[in-house]
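Peer 1: Provided below are the primary sequence and the corresponding predicted coordinates.
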Amino acid sequence: YWAQAGDEAFARPAHREAVSHFESALRLVRSAKEGQCDRERELELLLRLNHTNMAGRGYAHPVTVDGFAEARRLVNSIGVSPHRFPIYYGNWVISHVSGQQAKALEIAEEMFDAATGDRNPDHSFMSARSFYLSRTMTGAFDTAEADYERVLELYDPEREPDLTRQYGQSPHLGLRCYRAIGLACRGFPTRAWQEMTGVPEHSENLGHSNTIGYAYAHYGMVAWLLGKHETAEEFSRRAIQVTEEHGLVMWKGIAMLVLAAVLPSRGQPEEAVELMEEGMRQCEESNTHVYVPYLYSHHVGNLLAVNRYEQAAEARDKVIAMSEHGSERWANAEIIRLLGDAERAGQGSDAAAREFYHQALAIAREQKARLWELRTSVGLADLMRNEGDINGARELLTPIYAWFSEGHDTPDLTRAKQLLDAFS
């Protein structure tokens, strides 16, 4: 009875009520006399409780982390169990969302071994998907591309509704969002946006609140990546609204950070500063670190725009620490480029900006992240032009602009073309 009530509350969704019902069901199972407690049933209920906490509190919230640690101890005491693989996934997503991508890759390896052993096609798909997402977040874009081909081979669209219920959000939509991020970073803006086509509508058709929050937040972020500022603002606001309605703390925090990055381009720098700080509080509450270094790096420029120089310097130091100590490196080149832009916009020096730009270029070229290389080349070429080195600026910008085969109407390539025309 309590388990059914929990499922019904989760579906509405009413996460606090669902948590209460699942906890009641667990107490009932655990109160059985020694030897009569069904540990497999206890594990099943514990996983349902964990997925409810993922949605309501956050994927890496301490309560979620403790719940999966308990599930791991329980499954080890049972031995062979059909619920072992979902526990692997829970621990993977905790590492992934908390920004521990190196650890997430280790767990993905365990997932792959488990899936190979049990020959379950759903498990094979989820393990390959985990590899792809983690490698994308580490900036290993070439390796991730090979993983993506494997994921496509394993994907069965008819399994999506069941997998959405089992893993707490649509694995397919998540895959599409990360694919779009990877394509954008690698320099394929048109294909990236095509990947996002229909994502919000698909999530709505599934009618799964956590998936809707996920889809709206990612749609806004990819729109921002590609310079679609109006769309980015619209979907970030929609994400905040739906996450407030359904109590999705983690996606609300992410959406607030995206909107804070967007607002200065919409003429609202003061609002951006306040929103970024509130979004960071939301992310810290849910122990969310995925995407945070990239999104927070915009805070430096936002603070400079409203003449808060001391706070901007503190934010800059925080951003540098995030980029140096984390294993989430997909946007490190862009983060460092933004610091170079901030040096030029604030009270810094051209020499410091140049150093940041060269660091960003080295990372972008190593990762073959053409979008980041283009943006950094534009910033550095503009600096070189101002110093009178027109030939050097042209030699820097021409090859990376020529590399692009699509997206020439995007803001990034339009700006690059304007600079090249000015050099001529």
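Peer 2: Looks like it came in fine. Residues are numbered from 1 along each chain as shown.

Peer 1: Name the residues of the host helix or strand of residue 395 that come out as buried.
Peer 2: Under the criterion of DSSP states H and E, residue 395 resides in helix 390-403. By neighbour count on 16 or more other C-beta atoms under 10 Å, the buried set for helix 390-403 is 393-394, 396-397, 400-401. Every C-beta, even on glycine, is put in place using the N, C-alpha and C of the backbone.

Peer 1: Just send those residues back as CSV, with pLDDT and distance to residue 332 too.
Peer 2: Below are the buried residues of helix 390-403 laid out as CSV (pLDDT from 0 to 100; distance: C-beta to C-beta, whole Å):
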residue, pLDDT, distance to residue 332
393, 97, 24
394, 97, 27
396, 98, 20
397, 98, 21
400, 98, 18
401, 98, 22
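
Peer 1: what's the closest of these to residue 355?
Peer 2: residue 396 (15.5 Å; C-beta to C-beta).

Peer 1: distance of the closest one from residue 358?
Peer 2: Distance from residue 396 to residue 358, counting by C-beta to C-beta, to the nearest Å: 11 Å.

Peer 1: overlap in contacts of these two?
Peer 2: Common contacts of residue 396 and residue 358, defined by C-beta atoms under 8 Å, 6 or more residues apart in numbering, comprise residue 380.

Peer 1: Summarise which helices and strands the helix or strand following the helix holding residue 395 is packed against.
Peer 2: Note on helix 390-403: by DSSP H and E, the next helix or strand toward the C-terminus is helix 411-423. Applying 3 or more C-beta pairs under 8 Å, 6 or more residues apart in numbering; DSSP states H and E, one finds that helix 411-423 makes contact with helix 370-386, helix 390-403.

Peer 1: For helix 411-423, list every residue counted as buried.
Peer 2: Result for helix 411-423 [16+ other C-beta under 10 Å]: buried residues 412-413, 415-416, 419-420, 423.

Peer 1: ditto for stretch 245-262
Peer 2: Buried, per 16+ other C-beta under 10 Å, within stretch 245-262: 246-262.

Peer 1: repeat for stretch 42-56
Peer 2: Buried residues in stretch 42-56 (16+ other C-beta under 10 Å): 42-56.

Peer 1: Now stretch 309-317: average pLDDT?
Peer 2: Stretch 309-317 shows an average pLDDT of 94 in the prediction.

Peer 1: Send me it as PDB with only the CA atoms.
Peer 2: In PDB, the C-alpha atoms belonging to stretch 309-317 read as follows (Å, rounded to 0.1, in the frame of the first residue of the first chain):
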ATOM      1  CA  TYR A 309      35.800  45.000  -9.000                       C
ATOM      2  CA  GLU A 310      36.800  43.400  -5.700                       C
ATOM      3  CA  GLN A 311      34.000  40.800  -6.000                       C
ATOM      4  CA  ALA A 312      35.100  40.200  -9.600                       C
ATOM      5  CA  ALA A 313      38.600  39.400  -8.400                       C
ATOM      6  CA  GLU A 314      37.300  37.000  -5.800                       C
ATOM      7  CA  ALA A 315      35.100  35.300  -8.400                       C
ATOM      8  CA  ARG A 316      38.100  35.100 -10.800                       C
ATOM      9  CA  ASP A 317      40.100  33.300  -8.200                       C
END
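
Peer 1: For that stretch, buried residues please.
Peer 2: Neighbour count says stretch 309-317 has 311-313, 315-316 buried, by 16+ other C-beta under 10 Å.

Peer 1: Need these in TSV (columns: secondary structure and distance to residue 77).
Peer 2: What follows is the buried residues of stretch 309-317, written out as TSV (DSSP: H, G, I helix; E, B strand; the rest coil; distance: C-beta to C-beta, whole Å):
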residue	secondary structure	distance to residue 77
311	helix	51
312	helix	52
313	helix	52
315	helix	47
316	helix	49
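
Peer 1: of the residues you listed, closest to residue 158?
Peer 2: residue 315 (47.0 Å).

Peer 1: so that closest one makes contact with residue 296?
Peer 2: Yes - judged on C-beta atoms under 8 Å, residue 315 makes contact with residue 296 at a distance of 7.5 Å.

Peer 1: Mind pulling up the pLDDT for residue 36?
Peer 2: Value listed for residue 36 in the pLDDT field: 50.

Peer 1: and what of residue 373?
Peer 2: Taking residue 373 on its own, its pLDDT is 98.

Peer 1: measure it to residue 56 for me?
Peer 2: 40 Å.

Peer 1: so where's this structure shaky on pLDDT?
Peer 2: Of all residues in the chain, those with pLDDT under 70 make up the ranges 33-37.
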